[in-house]
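Q: what follows is a predicted structure for the sequence shown.
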Amino acid sequence: MRVRRIGAVVIAAAAAASLTACGGSGSGSDKFVVGIKFDQPGLGQKQPDGSYKGFDVDVAKYIAKELGYTDDKIEYKEAISANRESFVQQGQVNAVIATYSITDDRKKKISFAGPYLVTGQDILTRADDTTIASVEDLKDKKVCGAQGSSSPKRLVDKFGAPWKDQFLTEQQGYGACLPLLENKQVDAISTDATILAGFATQSPGKFRLVGKPFSEEKYGVGIKIDDKETRDKINTAIEKMFKDGSWKKAVDANFGEFGTFFTTPPAVERY
Ligand code: GLU
């Protein structure tokens, strides 16, 4: 009996805590905690002055504003590919906006608003390496990817477990793959074209984006699986961002030349 009563108190406390975390729309009294990447130029990058920059950051700010949070009420937490589901599931963040592809596997654990951008998996090589022209050429190349990302998984599905053992290196983030590519410890990095384009732009002349995407990556906003109300609100915010020109503005501001690939926003998938 005692145990059950304590259990009920814990549940009530948890419910109250989750109300505080997710509610507050318009009140501005609490924070909107969002998981973003810190090491991906053009998408989510922590600046030397401690501010954050990138397309995902602009999406986060827009959504936060629509949910009633001013910029100073947004708290950014570093999401890496591998911690995104657990960040959401454990309630460490209100939302993950971190080059986060909507996949059926992930949808078993969390839910997604969006998509707010669609890109494809591509390849980054050293600028002077002409031996890689398509994904097929990776079958005997050393490739770097990020743990917990869908990108290396796609290559393992294609080339098999022996390829994984012999050729794949997995780091915590793509930023950590860059020196390996430069020092010729790997021959390629493979993930979303958006991410790779950001790295290529950051170091002109060093790397080459192959430019032959071989998947469809729909970027979604990861939130708690049972929170349809927030999902609907975020979807409405995303659609508003598309319509009022803010989406295009964010594309142009963050992707530079690569932004010309994103002429029209995707259709939001409500469920
Ligand atoms: N969009 C892919 C994913 O969600 C690759 C990028 C990343 O790992 O952040 O896994």
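A: Noted; the coordinates are in hand. Numbers count the residues shown, from 1 in each chain.
Q: tell me which residue of the protein lies closest to the ligand.
A: Ser149 (3.0 Å; Cβ to the nearest ligand atom). C-beta coordinates here come from the backbone N, C-alpha and C atoms, glycine included.
Q: is any residue of stretch 32-39 near the ligand?
A: No - Stretch 32-39 stays clear of the ligand (Cβ under 6 Å from any ligand atom), getting no nearer than 6.6 Å.
Q: name the residues of that stretch that come out as buried.
A: By 16 or more other Cβ atoms under 10 Å, the buried positions in stretch 32-39 come out as Phe32, Val33, Val34, Gly35, Ile36, Lys37, Phe38, Asp39.
Q: the one helix or strand Phe242 maps to packs against which elements?
A: Under the criterion of DSSP states H and E, Phe242 resides in helix 228-243. Secondary-structure packing of helix 228-243 (3 or more Cβ pairs under 8 Å, 6 or more residues apart in numbering; DSSP states H and E): helix 55-66, strand 111-119, strand 217-223, helix 246-255.
Q: run through who's touching it.
A: Applying Cβ atoms under 8 Å, 6 or more residues apart in numbering, the external contacts of helix 228-243 come out as 22, 25, 59, 62-63, 66-67, 94-95, 111-114, 116, 221, 223-224, 246-247, 250, 265, 268, 270.
Q: so which bits of that helix are buried?
A: Thr230, Arg231, Lys233, Ile234, Asn235, Thr236, Ala237, Ile238, Glu239, Met241, Phe242.
Q: dump the residues you listed to JSON lines, plus distance to Val210.
A: Shown next, in JSON lines, are these (distance: Cβ to Cβ, whole Å):
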{"residue": "Thr230", "distance to Val210": "38"}
{"residue": "Arg231", "distance to Val210": "35"}
{"residue": "Lys233", "distance to Val210": "38"}
{"residue": "Ile234", "distance to Val210": "33"}
{"residue": "Asn235", "distance to Val210": "33"}
{"residue": "Thr236", "distance to Val210": "37"}
{"residue": "Ala237", "distance to Val210": "34"}
{"residue": "Ile238", "distance to Val210": "30"}
{"residue": "Glu239", "distance to Val210": "33"}
{"residue": "Met241", "distance to Val210": "30"}
{"residue": "Phe242", "distance to Val210": "29"}
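Q: pull the most distant pair out of those.
A: Thr230 and Phe242 (18.8 Å; Cβ to Cβ).
Q: can you list the residues of the chain near the ligand?
A: So far as Cβ under 6 Å from any ligand atom goes, the chain lies against the ligand at Ser81, Thr99, Tyr100, Ser101, Ala146, Ser149, Ser150, Ser151, Thr191, Asp192, Glu217.
Q: what is the most widely separated pair among those residues?
A: Distance extremes for the residues of the chain next to the ligand: the farthest pair is Ala146 and Glu217 at 13.4 Å, using Cβ to Cβ.
Q: in TSV: the buried residues of helix 228-243, plus pLDDT.
A: Output for those, formatted as TSV (pLDDT from 0 to 100):
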residue	pLDDT
Thr230	97
Arg231	98
Lys233	98
Ile234	98
Asn235	98
Thr236	98
Ala237	98
Ile238	98
Glu239	98
Met241	98
Phe242	98
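Q: look up phi and psi at Ala82.
A: phi -80, psi -20 (degrees, to the nearest 10).
Q: give me the below-cutoff pLDDT ranges for this structure.
A: 1-29 (pLDDT under 70).
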